[in-house]
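**Q** Here is my input; please provide its structure:
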Amino acid sequence: MFPLSTSMSIWLAGAGAGLGVNVVLYPLDTLKTRIQAPDSNAMYVKKAIWRNRSLYRGLYQGIGSLLITSVPASGVFFTVYEGFKYTLLPTSIPSPLIYGISSTLAQIITSAIVIPGEVIKQNAQVIGQSSNDRGKSSQTFAVAKEIVKRDPLNLWRGYSALLIRDIPFTALQFPLLERIKKMMSKEAQLRKQQRGCGPTLSLSDHVKIATLSASIAGSAAAWITTPADVVKTRLMLKAHDNRQNWSKQKDISLCNSRNNVSRGTWSVAHDIWVKEGLRGLFRGGFIRTAWTAVGNGIFIGVYEGAKISLGPSTRTDSS
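**A** Numbers count the residues shown, from 1 in each chain. Predicted structure coming up:
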């Protein structure tokens with residue numbers, strides 16, 4: 001594995017990138033959560049989305065709980081990912097498989113860290129969306145307290161669904177990301193040589209290549225894994241199951257019934273398929289894909305720039 005100084009540099013680069021992306025793009029994540037909620041039809045379809053003011057109210061609700069967990073988790077992810085890459089690349093294992101294995105192991109660890117904040121965040125994002133909840137938009141702490149009071153294990157509700165979404169996402173994204181990045185780096189080096197500038201890429205070249213590669217790879221992986229993201233959202237929203245502001249149409253709500261809380265990932269997926277069809281499984285897919293294209297680009301671009309700036313010893317790719 002890495003020396004301690006290298007691991008710390010990678011952790012700082014990942015945590016810093018995670019902080020920036022989460023703060024800037026959090027409103028899009030809130031919109032996605034609200035659209036994916038089980039009664040979004042009842043709450044948002046009556047008006048055109050762009051005219052529905054309640055959809056855009058309190059777009060930063062729950063961000064505190066996310067930052068507490070996701071920022072350090074971003075650092076952990078890249079420390080584990082780069083560490084396994086560093087260890088496995090000298091072996092005879094094919095590079096795409098190394099990237100897939102490394103990202104999967106990193107995701108399993110970081111998902112366990114980030115999920116409590118994710119559960120609180122997603123429940124806080126939908127608080128205050130009806131007249132009954134006006135004035136409660138800042139009750140993130142109250143949401144967390146209620147979830148823990150009912151059952152502390154509810155903070156890990158949806159962990160299996162999170163893994164079902166994120167393991168394929170990372171396993172698809174990182175081999176594709178590394179492949180695109182390597183191809184674009186070679187092309188950029190060739191262009192520099194043709195101009196007589198030498199093959200060495202500058203910091204800005206690395207950042208641009210990483211940003212574009214991450215946008216392409218991330219958006220493709222995001223669209224493919226949207227159904228798992230919808231199921232994960234529904235499961236997490238059930239953790240705070242006393243919210244009376246959810247749909248009056250209780251037959252389509254998964255949040256108001258205590259009996260529903262015990263139901264698992266596949267049961268929720270089946271319900272969505274039966275009641276909403278394929279369209280329901282891809283609800284919020286466009287926003288998620290757009291968010292990932294922008295967010296991933298910024299995230300990986302900032303991370304790549306920070307990693308190189310913090311020291312050449314943090315360069316672990318084989319390009």
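**Q** Now do the contacts for the residue nearest to Val24 when sequence neighbours are not counted.
**A** Nearest non-adjacent residue to Val24, counting by C-beta to C-beta, 6 or more residues apart in numbering: Ile298, 7.1 Å away. For the C-beta atoms, the positions are set from N, CA and C on the backbone; glycine is no exception. The contact partners of Ile298, by C-beta atoms under 8 Å, 6 or more residues apart in numbering, come to Ala17, Gly20, Val21, Val24, Leu25, Thr211.
**Q** From Phe84, how far out is Ile298?
**A** To Phe84, Ile298 is 24 Å away according to C-beta to C-beta, to the nearest Å.
**Q** how deep is Phe141 tucked in, by neighbour count?
**A** 12 (other C-beta atoms under 10 Å).
**Q** Could you list the buried residues of the helix or strand it falls within?
**A** For Phe141, the element it lies in under DSSP states H and E is helix 140-150. The neighbour-count check on helix 140-150 (16 or more other C-beta atoms under 10 Å) flags Thr140, Val143, Ala144, Glu146, Ile147 as buried.
**Q** If you count contacts, what does the next helix or strand after that helix end up packed against?
**A** Counting by DSSP H and E, the next helix or strand C-terminal to helix 140-150 is helix 159-194. Contacts defined by 3 or more C-beta pairs under 8 Å, 6 or more residues apart in numbering; DSSP states H and E place helix 159-194 against helix 95-125, helix 203-224, helix 226-237, helix 265-281.
**Q** Which of those sits closest to Phe174?
**A** For Phe174, the closest of these is helix 95-125, at 4.0 Å, according to C-beta to C-beta.
**Q** can you give me how far that closest one is from the chain middle?
**A** Here the centre of helix 95-125 is set off from its chain's centre by 8 Å, with C-alpha atoms, centre = their mean, to the nearest Å.
**Q** Show me what counts as buried in it.
**A** 95, 98-107, 110-111, 114-125.
**Q** Rounded mean pLDDT for that helix, please.
**A** Mean pLDDT, helix 95-125: 88.
**Q** Show me what the host helix or strand of Thr30 packs onto, helices and strands only.
**A** Using DSSP H and E, Thr30 falls within helix 4-36. Applying 3+ C-beta pairs under 8 Å, 6+ apart, we find helix 4-36 packed against helix 40-44, helix 63-88, helix 95-125, helix 226-237, helix 285-310.
**Q** try it again with 7 Å
**A** helix 63-88, helix 95-125, helix 226-237, helix 285-310 (3 or more C-beta pairs under 7 Å, 6 or more residues apart in numbering; DSSP states H and E).
**Q** Include distance to Val274 when you put those helices into TSV, please.
**A** Below are those laid out as TSV (distance: least, C-beta to C-beta, whole Å):
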stretch	distance to Val274
helix 63-88	32
helix 95-125	23
helix 226-237	13
helix 285-310	19
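**Q** Nearest approach to Ala13 belongs to which of those?
**A** Nearest of the helices and strands packed on helix 4-36 to Ala13, taken as C-beta to C-beta: helix 285-310 at 3.6 Å.
**Q** buried set for that closest one?
**A** Buried residues in helix 285-310 (16+ other C-beta under 10 Å): 285, 287-289, 291-308, 310.
**Q** how about low-confidence regions in this protein?
**A** Within the chain, the set of residues satisfying pLDDT under 70 comprises 1-6, 39-54, 127-139, 239-263, 311-319.
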